[in-house]
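Q: sequence below, structure please.
(chains A and B)
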2 protein chains.
Amino acid sequence: MTNRDADTIVTAAMLAIGDELLSGRTRDKNIGHLASALTLQGIDLKEVRIVSDETEEIVQAVNALRKRYDYVFTSGGIGPTHDDITADSIAAAFKIPIDHDPRAMKLLEDYYASRDIEFTTARKRMARIPHEADLIDNPVSIAPGFIVGNVHVMAGVPSIFQAMLENVLPALKGGTKMLSEYVECRHGEGTIGDRLGEIQQAHGQTAIGSYPKFDGKTYSTQIVVRGRDKQDIQRAIADIQAMLDELAD
Amino acid sequence: MTNRDADTIVTAAMLAIGDELLSGRTRDKNIGHLASALTLQGIDLKEVRIVSDETEEIVQAVNALRKRYDYVFTSGGIGPTHDDITADSIAAAFKIPIDHDPRAMKLLEDYYASRDIEFTTARKRMARIPHEADLIDNPVSIAPGFIVGNVHVMAGVPSIFQAMLENVLPALKGGTKMLSEYVECRHGEGTIGDRLGEIQQAHGQTAIGSYPKFDGKTYSTQIVVRGRDKQDIQRAIADIQAMLDELAD
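A: You can find the predicted model right below:
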């Protein structure tokens, strides 16, 4: 898809961290949620990586992604146990110091005191935040996420990830929103593919995607037209509709 | 986790390809499936990437992953439409020629003839396979996947991805299987974190993961011990059990 001169393009990547995602024990639920939320905000999610709970893997991935995209969002590894190494890995990636953050310590101290729960060394681990990071509010379980540079570090538990994301979205600079319309087509991709390729050629301002559905017997297709200008999209949709009308004759 | 001298470690990465995964339109269902299947086979899935339908993105990711891991598995982008660019991108990554493969052409020709469906230029696109690739049988919709070097190229539609994976798994060289056992713990991570960290220190042959569950009111934890030796795992589990018994006193 060609970008129009007037478009502002804002890009993002996600880094999901956790052995459990790679062993199959846990099915990720955060990638799809982030993808939908960013699309609504006019931010293009361009790449996702999933890596294990190993410092060197996290450091390498964060450094590759933060230099390449406007925003990076991480999920997982910020809890109280020994396998929660995300905060320390982010500090290592940025080569900045990390310690118990006084703001985070105060939040957690008050929270546990109010519930008469001991503020253990493990729980204090959740206050380890790289120096000069901004905190991300966690209304669910208090232990905050944080922002260093363009990297947003959030929890892996979906309810907490979603709550943290709600809190960071308003501050993100969105680009020209990606719009989309779709047409349901009762033919398989093989029937429409040649003509659809020509339509894509003629509508370079849009990205035309075709997604096969298979009900076990026959194929149908959802044709999705994406772009940043509503009229561009509608012109492509009109040509697709004309193609489908011809096929119906 | 430390590997024992006797262990054979076999590693893999996955590359999921498709704009629809990054826009939020489609939620990936193949990553979790592959993760579970490889774990059963004794292959460690070490990294996953999701990239868009852009040749340069696919080439870069495939080349980074295939050099680093024993096996690479891709999903998506091998259908009949213009946005299906995976086969050509794989050929570009390996710098090998690509053309309509006679074996694939024959399969598809016979299939469409038997169903009285026209073998369009778009459908022939699905026979574009890099030179010297091995084909992966597709019992669902015939159009084959393929293997070049250590890269296994498969469909994105989950039922077809799964069928193709079934067909390649028997030929993969598995390593020493990763085993796991888990203990359910009614305490939150903050309560057990300090002690659990010590237990991990004492059982370096295993990887102890702790996974919080939150029912909206209270936290509990699933503690998972992974390793390649059953006795190592059981020794760690015994220590975890002792810790939990102490907490129950």
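Q: with adjacent residues omitted, what lies nearest to A:Gly193?
A: If the residues on either side of it in the chain are set aside, A:Gly193 comes closest to B:Ala122, at 2.5 Å by CB to CB, 6 or more residues apart in numbering or on different chains. Just so you know, the C-beta spots here come from the backbone N, C-alpha and C atoms, and that holds for glycine as well.
Q: domain assignment for chain A?
A: A:11-171, A:179-248 (automatic domain parsing).
Q: any idea which of the ones you listed scores lowest on pLDDT?
A: Of all the domains of chain A, the minimum mean pLDDT falls on domain A:179-248 (a mean of 93).
Q: let's verify the most centrally placed residue in chain A: helix, strand, or coil?
A: In chain A, the residue lying closest to the centroid (CA atoms, centre = their mean) is A:Leu34, at 3.6 Å. Using DSSP: H, G, I helix; E, B strand; the rest coil, the secondary structure recorded for A:Leu34 is helix.
Q: quick one: contacts for it?
A: By CB atoms under 8 Å, 6 or more residues apart in numbering or on different chains, the residues touching A:Leu34 are A:14, A:45, A:73, A:75, A:165, B:24.
Q: now A:Pro212
A: Here A:Pro212 is in contact with A:188-189, A:219-221, B:79, B:157 (CB under 8 Å, 6+ apart).
Q: if we use 6 Å, what do you get?
A: Residues near A:Pro212 by CB atoms under 6 Å, 6 or more residues apart in numbering or on different chains: A:189, A:219, A:221.
Q: in TSV, list these along with distance to B:Gly209, secondary structure and neighbour count.
A: Formatted as TSV, those follow (distance: CB to CB, whole Å; DSSP: H, G, I helix; E, B strand; the rest coil; neighbours: other CB atoms under 10 Å in any protein chain shown):
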residue	distance to B:Gly209	secondary structure	neighbour count
A:Glu189	41	helix	26
A:Tyr219	41	strand	18
A:Thr221	41	strand	23
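Q: any idea which element A:Val72 lies in?
A: strand A:71-75 (DSSP states H and E).
Q: outside of that strand, which residues touch it?
A: So strand A:71-75 is contacted by A:12-16, A:30, A:34, A:65-66, A:150-154, A:156, A:161 (CB under 6 Å, 6+ apart).
Q: list the strands paired with it, with their directions.
A: Strand A:71-75 has its sheet partners listed here by DSSP bridges as strand A:11-17 (parallel), strand A:151-154 (parallel).
Q: how many residues are close by the closest residue to A:Pro144 other than its chain neighbours?
A: The shortest distance from A:Pro144 to any non-neighbouring residue, by CB to CB, 6+ apart, is to A:Leu135 (4.2 Å). The tally of other residues near A:Leu135 (other CB atoms under 10 Å in any protein chain shown) stands at 15.
Q: quick one: the strands in chain A, in order.
A: Using DSSP state E, the strands found in chain A span residues A:11-17, A:44-51, A:71-75, A:98-100, A:128-130, A:134-136, A:145-148, A:151-154, A:179-185, A:207-214, A:219-227.
Q: pull the longest helix seen in chain A out as PDB, backbone CA atoms only.
A: What stands out as the longest helix in chain A, according to DSSP state H, is helix A:230-248. Provided in PDB are the C-alpha atoms of helix A:230-248 (Å, rounded to 0.1, in the frame of the first residue of the first chain):
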ATOM      1  CA  LYS A 230     -12.500   6.500   3.000                       C
ATOM      2  CA  GLN A 231     -13.000   7.400  -0.700                       C
ATOM      3  CA  ASP A 232     -10.000   5.300  -1.800                       C
ATOM      4  CA  ILE A 233     -11.500   2.400   0.000                       C
ATOM      5  CA  GLN A 234     -14.900   2.900  -1.500                       C
ATOM      6  CA  ARG A 235     -13.600   3.100  -5.000                       C
ATOM      7  CA  ALA A 236     -11.800  -0.300  -4.500                       C
ATOM      8  CA  ILE A 237     -14.900  -1.800  -2.900                       C
ATOM      9  CA  ALA A 238     -17.000  -0.600  -6.000                       C
ATOM     10  CA  ASP A 239     -14.600  -2.500  -8.300                       C
ATOM     11  CA  ILE A 240     -14.700  -5.600  -6.200                       C
ATOM     12  CA  GLN A 241     -18.500  -5.400  -6.100                       C
ATOM     13  CA  ALA A 242     -18.600  -5.100  -9.900                       C
ATOM     14  CA  MET A 243     -16.400  -8.200 -10.200                       C
ATOM     15  CA  LEU A 244     -18.700 -10.200  -7.900                       C
ATOM     16  CA  ASP A 245     -21.800  -9.100  -9.900                       C
ATOM     17  CA  GLU A 246     -20.100 -10.300 -13.100                       C
ATOM     18  CA  LEU A 247     -19.400 -13.700 -11.500                       C
ATOM     19  CA  ALA A 248     -23.000 -13.900 -10.400                       C
END
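Q: can you list the residues of chain A near chain B?
A: Neighbours of chain B within chain A, by CB under 6 Å from any CB of the partner chain: A:19, A:22-24, A:27, A:32, A:35-36, A:39, A:45, A:47-51, A:79-83, A:120-123, A:189-190, A:193-194, A:196-197, A:200, A:209-210.
Q: contacts only, for the residue nearest to A:Pro144.
A: A:103, A:144, A:146.
Q: swap the cut-off to 7 Å and go again
A: A:103-104, A:144, A:146 (CB atoms under 7 Å, 6 or more residues apart in numbering or on different chains).
Q: the residues you listed into TSV, with extra columns for neighbour count?
A: Formatted as TSV, those follow (neighbours: other CB atoms under 10 Å in any protein chain shown):
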residue	neighbour count
A:Arg103	14
A:Ala104	21
A:Pro144	25
A:Phe146	24
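Q: please narrow these to those residing in helices.
A: A:103-104.
Q: farthest-separated two in the contacts of A:Leu135?
A: By the measure CB to CB, A:Arg103 and A:Phe146 form the most distant pair in the contacts of A:Leu135, at 9.9 Å.
Q: about what we covered before: winner for burial among the strands of chain A?
A: strand A:71-75 (a mean of 28; mean count of other CB atoms under 10 Å in any protein chain shown).
Q: for it, C-alpha coordinates in CSV please.
A: Coordinates of the C-alpha atoms in strand A:71-75 are reproduced here as CSV (Å, rounded to 0.1, in the frame of the first residue of the first chain):
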residue,chain,number,x,y,z
TYR,A,71,6.4,2.4,20.3
VAL,A,72,7.1,-0.9,22.0
PHE,A,73,4.7,-2.8,24.3
THR,A,74,5.9,-5.7,26.4
SER,A,75,3.8,-8.2,28.4
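Q: for it, what is the distance to the chain centroid?
A: Relative to its parent chain, strand A:71-75 has a centroid offset of 7 Å by CA atoms, centre = their mean, to the nearest Å.
Q: list the contacts for the closest residue in space to A:Ala113 that isn't next to it in sequence?
A: Distances taken as CB to CB, 6+ apart place A:Phe119 nearest to A:Ala113, at 7.5 Å, with adjacent residues excluded. Applying CB under 7 Å, 6+ apart, one finds that A:Phe119 lies in contact with A:108-109, A:112.
Q: any figure for the gap between A:Phe119 and A:Glu132?
A: 24 Å (CB to CB, to the nearest Å).
Q: and the residue nearest to A:Leu244 when sequence neighbours are not counted, what are its bridge partners?
A: In space, and not counting its chain neighbours, A:Leu244 is closest to A:Cys185: 5.9 Å by CB to CB, 6+ apart. Legend: beta-bridge partners of A:Cys185 under DSSP bridges are A:Thr221.
Q: how near is A:Cys185 to B:Asp83?
A: A:Cys185 is 15 Å from B:Asp83, by CB to CB.
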